[in-house]
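# Using only what follows, build the 3D model:
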Amino acid sequence: MSLRVSSPVSGEVAGLSAVPDPVFSQAMVGPGLAVRPAMTAGDVLAPVDGVVAALHPHAFVVAHDDQAVLVHLGIDTVKLKGEGFTLHVVKGESVRAGQPVVGWDPRAVEAAGYSSICPVVALDAQNSALVDFAPDGPVTAGDRLFVWNT
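Below you'll find the predicted structure:
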């Protein structure tokens, strides 16, 4: 089965190696891409259709059948304790790709001293399972980031 994974935010596509956290840069939780977000406040969108399997102000997981996609809003942003993030859904809720999940302001994250880069990870996937990667460069929220084949 192929799953189209969309960008949750607008910005610039980068490889996970650009993420300043080894958990992501070394693909310890799975392969994927990162997006350096545009510095405008707004909503973070669900990358796939599915169920919100985990939800924190700074990160969420959407599960689609036996595949799960993690979106992490910045690095070390758990230390913000939810400040500056607005949840639009609840854990267990069904969402559609492109549906707002969290509101945030990446400028506020940067102003607080944290990186605003957003890893988008195919949890527990193999690198070879991800194909059709978006090239480095601009991306609009909702555009394809990659396709995950199982």
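# who touches the worst-scoring helix or strand of the chain on mean pLDDT?
Within the chain, confidence by mean pLDDT, DSSP states H and E is lowest for strand 130-131 among all helices and strands, at a mean of 86. Residues from elsewhere that reach strand 130-131 (C-beta atoms under 8 Å, 6 or more residues apart in numbering): Pro31, Gly32, Ala122, Phe146, Val147, Trp148, Asn149. From N, CA and C alone the C-beta is placed, and that goes for glycine too.
# Please look at the second one and Ala122 and confirm they touch.
Yes - assessed by C-beta atoms under 8 Å, Gly32 is found in contact with Ala122 at 5.4 Å.
# measure Leu3 to Val78 for me?
Distance of Leu3 to Val78, given as C-beta to C-beta, to the nearest Å: 27 Å.
# what's stretch 29-37 in contact with?
With C-beta under 8 Å, 6+ apart, stretch 29-37 has contacts from 5, 7-16, 18-19, 23-24, 69-70, 106, 116-127, 129-130, 133-134, 139, 145-146.
# rewinding a little: list the strands paired with the least confident helix or strand of the chain, with their directions.
If you go by DSSP bridges, strand 130-131 pairs up with strand 144-149 (antiparallel).
# Sort out which residues of the partner strand are buried, please.
Buried residues in strand 144-149, counting neighbours by 16 or more other C-beta atoms under 10 Å, are found at Leu145, Phe146, Trp148, Asn149.
# distance between that strand and the chain's centre?
13 Å (C-alpha atoms, centre = their mean, to the nearest Å).
# which one of the contacts of strand 130-131 is nearest Glu83?
When the contacts of strand 130-131 are compared for distance to Glu83 (C-beta to C-beta), Gly32 wins out at 26.2 Å.
# how many neighbours does that closest one have?
Neighbour count for Gly32, taken as other C-beta atoms under 10 Å: 28.
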